[in-house]
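>>> next come a sequence and a model predicted from it.
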Amino acid sequence: MPATTPKIVCFSCSFGWGYLGERDALGARIDHWLPVACSGKVDATHVLRAFQRGADGVLILGCPEGECHFQDGNYQTKKKVALLQRVLAAHGVEPGRLQMVLGVDPEGSRAVAAVDALARELRALGPVAVRAPLDGTIAPGP
Amino acid sequence: MPTKPKIAIHWLGACGGCDETIVDLNEVLLTVADAVEIVLWPLALDFKYHDVERLADGAIALSIVHGNVRNSEHLEVARLLRRKSQLLLAFGACSCFGGTPGLANLRGREDLFRWIYHDAPTVVNPDGREPAPCSTANGYELTLPELFDRVYALDQVVPVDYYLPGCPPPPDLVGNAVYAALQGKLPPRGATLAPHRALCDTCTRNGTKPLKLSLTDVRRPHEVEVESSTCFLAKGVLCVGPATRAGCGGTCLGTNTPCRGCFGPLDGVADGGAKFLSALSSLCAVEAVARSIDDPVGYLYRFTQPSSILGETKA
Amino acid sequence: MWQTQSTGRTRVEPAIKQFLPPCQAKCPINEDIQRTNVLLSLLPDTPEAAAGGIVQIGDYLYDRNPLFEVCGYVCGLCELDCNYSEKGGAIRRRLLKRFVADHYGAHLEAKEEFDLVRSKEGVAVVGGGPSGLMAAFDLSKRGYRVTVFESSDRLGGALWLIPRYRLPEEVLRSAVDNLVRITGIDVKVNVRVGEGKLTLDRLRNDGYRAVFIARGSPTPRILSFGGQPVEGQELSGVMYGQTFLYEVSHGNIAPDYFCGKRVVVIGGGNVAFDVARTARRLGGDTTMVCLECEDKASRDGIPADHEEIKGAWEEGIRIVYSRGVQKIRGEGGVFRRIECPRCTAVFDETGFAPRFDLADTVDLAGDVLVLAVGQGPERAWLEREGLLDDAGRLAVDPVTLQSRTREWVFVGGDMRRIGFLAEAMRDGLEAAESIERLLRGLDVREGRTRSFEAQAIPLRRAYKHEPEVVWIPPEKRMHFQLFERGFTLQEAREEAKRCLTCGPCLSCKACVSVGLQPELPTVVVHDERCSGCGICSSICYYDAAHPRPAHGGVRSSTDRFRCKACGMCVVACPADAREMFGCDLDQRFEQTLAAL
């Protein structure tokens, strides 16, 4: 189990999460926090990039189903997450490292709790190990 | 009489289909052959690696390399050709992106060996032998190229000047590329010598796509009859055309087969699979449809896993 | 809590191409419904925490509509055109506004006066009803010195005729009093312009450079049949609805006035229902008779609001549809009964032209007859002032409200055309604009006709049903207290969240004003990358992404008036042919990655 805090990239929908909280204060409590206008704006590329660049987990906080300001943006990302988890699993990355939580949390306290909860799970999982990674030396083998 | 430009054509981890497409140039090939001096082409001519090694660095005007880099021999030759060539063209999906063999990266060498030399039901291997770079038989030392833990695209081991994707690339694009090279009319380095839009641009079926496409059921090609004029996606058959570069000439579509993505992603798209994932999930009417897709990674990364974002993750 | 003032980037801009959400297009004063709905949906979940936000929303509404609290009780015009009507019920905007009003009242009493420099000309407003008050409010904010001449003893005009069970007296009184206080309008009550020497010319001589006349329609329409007045309207026990409501509002009628009496109300409009339901609350056994039929959807359908009909029915009021009144019979000068032939058609192609089957006539006996078949302006005065044309019609430009006979006179409100509260208010605003243009030497007409195109309902997976409106049960509401329960904070948030925000972002910008987005992003299509695959069209909820022929192929396009920049198409585009300008997500994402 790594001693260091797991690195979690946290996307959160601004219409549902933390919009009443003090942004700087919340930012101080969530290390890699990315408020977005809608969780539907999170692209599969963002998620994969985060893992590639060293994230131990990705958390997406969206509005409750049926309450998206942009109609169904949260649901769009829910579908993406379902497929992405399988892509991750195929690459040897535990699908639980990518999670989506739907809810409303104007003050942002639940966001902090959700990040902490994922961090606990990630500690148990240890570091990310993508299968067959690129070897920096290019010429592998003995 | 000025000396003819030297050209090398070589295969690395490849099936040979790309060589086939070069042969398919037919008469054009004869014209080209007149204009150039071929210094390496294992399929057709009997030059050896040491013939290339004897050339001065940069002596070869253009090396056309197909296949991926799977073992230590591939790497050695890729480096040799890079050193000897002014221009290096990654030819075909395997060379450009890693190709279908790249899906083996989802396993790693150990897994592959375990299955192929031990666990597969047809294997008879009582001594538990596996290929090894060095072995001794009857007092002789035998060497084999070492199989790497993963598949590499060509540009993951040496710098590449141009790309011509496809499985295989169609003869017209090959002809254009060779002429452009010979006449010095190549675009800036790093370019892909194929159109810059997705396949839907030229697909005759695109017009039948409804304004609101919504997949309520994902079907495989053998499960549904799709008329030759109808968009596959409109019938629930996964077609990667919207995320795949045009230029193939629609060969698969012509045989009523959906696009599988051999031309790879568009310029600037970091991960064609990820982009198609976002597109595909948006088309799925409900989450259950997205979940019902068999082997999504196979669909999304059939030709591109080694050069995808996760495929490029460093150890 | 928020910066709801329209400053800088958060400023609401007039919708280019006049695209608006249908509610705002329907609202005569184009209130910022969508924006305030969004703000309501973002309120904190405890009343204490939400209080500041509610006041801010109220202040924002007040800035454009100082009568918004009144509207919150009586006006639901916007709901008629709500896209949600067909998908589960219109957004209850009136109740949302009432929710704000219920919490804003205390704040309004203490609201600071506007800091206005009244350096411009004097303008007289004749009539202190909603139209006149809106003109006075707007002109005052524009720097004019405004004097309101009101013939009765109080401002508010026809608003006072709205029964208290719909509009509490303290709400109306507070709205009117505070409007005068906050804008510093000069008010002269019990002054009847047109009487004695106080003519329009006199006003002009007294220094008023323009006059807005909005004196409503205080004259009840005489009941007629076949083009002739019906005899018997002078009988004891016969009265006019408007007069009746006026007396009730002044407290001149005892609570048991109609006890044990059979009251017959003639008319099928909302005023007739106000009369009937008021009479019922005064103890009357009430029956309504109207020309129109029950089917509201038909041309001859009853014009009153569905809620009025439902309320009356619950309260035990009988409604006799499709009957006219041919004769009013009395005995000894006292009303006894009416004779009602069946009405076979109310309108024809030319308009109101009722036809009857006299062979099918019924008698209806009663003790009191209240006629509520319409009202009109005071014509004699208008004629004296020369404001009518040769045909006896008001000679007024319908767009600028400028008199055709005197360029410094403007006429609006019910006086010009009987309409809804908000329509009278719009006339006040239009007159204010015209007066400003006239006095500043600008073209009064130029660019005044506005037409709005409403946007369609966004697509989504599921639509929600409207919330139940809670009314006090009929047996417990025979009094003049409000019978409709307002929203709780939780209900208001949920209902506001149900709003689909159909309209263009440019005319809303709620998200920018509360800091959810730094600015409104724009989606652009890179033609050189687009293959016309159509995935953007499939995903777009707003019908904003369309294929178009170009370069011999198909390319997609974005209708920027429909586009909300939600980014679904940008994410879904497999060729990266769509880009979101003004969205800093990718930049922040890169910074985040760098910090990992």
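Okay, I see it. Small disclaimer: the values here were computed from a predicted structure and weren't measured.

>>> from now on I want contacts and neighbour counts done on CA atoms only, so please keep to that.
OK.

>>> and the residue of chain A that's closest to chain B?
Proximity of chain A to chain B (CA to the nearest CA) peaks at A:Leu134, 4.5 Å away.

>>> could you pull up the residues touching the nearest residue in space to that residue that is not next to it in sequence?
If the residues on either side of it in the chain are set aside, A:Leu134 comes closest to B:Lys314, at 4.5 Å by CA to CA, 6 or more residues apart in numbering or on different chains. Going by CA atoms under 8 Å, 6 or more residues apart in numbering or on different chains, B:Lys314 touches A:52, A:133-136.

>>> count of residues packed around the residue of chain A closest to chain B?
By the criterion of other CA atoms under 10 Å in any protein chain shown, A:Leu134 has 22 neighbours.

>>> got a list of what it touches?
A:Leu134 neighbours (CA under 8 Å, 6+ apart): B:311-315.

>>> let's see it at 6 Å
For A:Leu134, the contacting residues are B:312-315, by CA atoms under 6 Å, 6 or more residues apart in numbering or on different chains.

>>> export these to JSON lines and tack on pLDDT and secondary structure?
JSON lines is the format used below for these (pLDDT from 0 to 100; DSSP: H, G, I helix; E, B strand; the rest coil):
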{"residue": "B:Glu312", "pLDDT": "93", "secondary structure": "coil"}
{"residue": "B:Thr313", "pLDDT": "93", "secondary structure": "coil"}
{"residue": "B:Lys314", "pLDDT": "89", "secondary structure": "strand"}
{"residue": "B:Ala315", "pLDDT": "82", "secondary structure": "coil"}
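
>>> and these, which is closest to chain C?
B:Thr313 (13.7 Å).

>>> how far away is the closest one from chain A?
Going from B:Thr313 to chain A by CA to the nearest CA, to the nearest Å gives 5 Å.

>>> what about the helices in the stretch 301-450 of chain C?
Remark: helices assigned in the stretch 301-450 of chain C by DSSP state H, counting those that start in this stretch are C:306-314, C:379-384, C:421-439.

>>> quick check, C:Glu466 in a helix?
No - counting by DSSP: H, G, I helix; E, B strand; the rest coil, C:Glu466 falls outside a helix, being coil.

>>> next, the nearest residue to B:Glu73 once chain neighbours are set aside: phi, psi?
In this structure, B:Glu73 finds its nearest non-sequential neighbour in B:Pro145, 5.5 Å apart by CA to CA, 6+ apart. Note on B:Pro145: its backbone torsions stand at phi -60, psi 150 [degrees, to the nearest 10].

>>> give me the number of residues near A:Lys78?
Around A:Lys78 there are 24 other residues, counting by other CA under 10 Å.

>>> before we move on, which element is it in?
Assigned by DSSP states H and E, A:Lys78 belongs to helix A:73-90.

>>> what residues does chain A have near chain C?
Contact residues, chain A versus chain C (CA under 6 Å from any CA of the partner chain): A:14, A:32, A:41, A:43, A:71.

>>> need the contact list for the second one.
Put plainly, it is A:His32. By CA under 6 Å, 6+ apart, the contact list for A:His32 reads A:9, C:592.

>>> beta partners for it?
A:Val9 (DSSP bridges).

>>> that one and C:Leu596, how far apart?
8 Å (CA to CA, to the nearest Å).

>>> burial of the residue of the stretch 51-200 of chain C found nearest chain A, as a residue count?
With CA to the nearest CA as the measure, C:Gly53 is the residue of the stretch 51-200 of chain C nearest to chain A, at 10.7 Å. Other residues near C:Gly53 number 22, with proximity taken as other CA under 10 Å.

>>> out of the helices and strands in chain A, which is least certain?
helix A:23-29 (a mean of 88; mean pLDDT, DSSP states H and E).

>>> give me the phi and psi for the nearest residue to B:Arg219 once chain neighbours are set aside.
Nearest residue to B:Arg219 in three dimensions, chain neighbours excluded: B:Val237, at 5.0 Å (CA to CA, 6+ apart). As for B:Val237, its main-chain torsions (degrees, to the nearest 10) stand at phi -90, psi 130.

>>> do you know how far B:Val237 is from C:Val571?
According to CA to CA, B:Val237 and C:Val571 sit 21 Å apart.

>>> ok, those two, which is more surrounded?
C:Val571 (29 against 22).

>>> re the thing from before, adding pLDDT, write the contacts of B:Lys314 out as a markdown table.
As requested, the contacts of B:Lys314 are exported to a markdown table (pLDDT from 0 to 100):
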| residue | pLDDT |
| --- | --- |
| A:Gln52 | 96 |
| A:Pro133 | 91 |
| A:Leu134 | 89 |
| A:Asp135 | 78 |
| A:Gly136 | 67 |
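
>>> so which of these is the closest to chain C?
Nearest to chain C among the contacts of B:Lys314: A:Gln52, at 9.4 Å, using CA to the nearest CA.

>>> related to what we said a few turns ago, run the chain-centre distance for the helix holding A:Lys78.
The chain centre lies 11 Å from the centre of helix A:73-90; the measure is CA atoms, centre = their mean, to the nearest Å.

>>> ok, is it in contact with chain B or not?
Yes - for helix A:73-90, a contact with chain B is found by CA under 6 Å from any CA, at A:76, A:79-80, A:87.

>>> measure C:Cys573 to B:Asp57 for me?
44 Å.

>>> compare these two and say which one has the larger neighbour count.
Neighbour count, other CA under 10 Å: between C:Cys573 and B:Asp57, C:Cys573 has more, with 26 against 15.

>>> what pLDDT does the model give that one?
Predicted confidence (pLDDT) for C:Cys573: 97.

>>> ok, it - contacts?
Listed by CA under 6 Å, 6+ apart, the contact set of C:Cys573 is empty.

>>> how about low-confidence regions in chain A?
Residue ranges of chain A with pLDDT under 70: A:1-3, A:136-142.

>>> repeat that with 90
Across chain A, residues meeting the criterion (pLDDT under 90) sit at A:1-5, A:20-26, A:107, A:134-142.

>>> helices along that one, start to end?
Here chain A has its helices, by DSSP state H, at A:23-29, A:44-52, A:73-90, A:109-125.

>>> highest mean neighbour count out of these?
The highest mean neighbour count among those, using mean count of other CA atoms under 10 Å in any protein chain shown, belongs to helix A:73-90: a mean of 24.

>>> next, the angle from it to helix A:44-52.
Helix A:73-90 runs at 40 degrees relative to helix A:44-52, counting by axes from the mean of the first three to the mean of the last three CA atoms, to 10 degrees.

>>> give me the most central residue, chain B.
B:Ala93 (1.4 Å; CA atoms, centre = their mean).

>>> looking at the helices of the stretch 301-450 of chain C, which is closest to B:Leu75?
Closest to B:Leu75 of the helices of the stretch 301-450 of chain C is helix C:421-439 (CA to CA; 79.0 Å).

>>> and the helix or strand that the closest one is followed by, which strands flank it?
Downstream of helix C:421-439, the next assigned helix or strand under DSSP H and E is strand C:453-454. Note on strand C:453-454: by DSSP bridges, its sheet partners are strand C:19-20 (parallel).

>>> list of residues touching whichever helix or strand comes after the partner strand?
The helix or strand immediately downstream of strand C:19-20 is helix C:22-26, counting by DSSP H and E. For helix C:22-26, the external contacting residues (CA under 6 Å, 6+ apart) are C:30-31, C:78, C:81-82, C:452, C:454.
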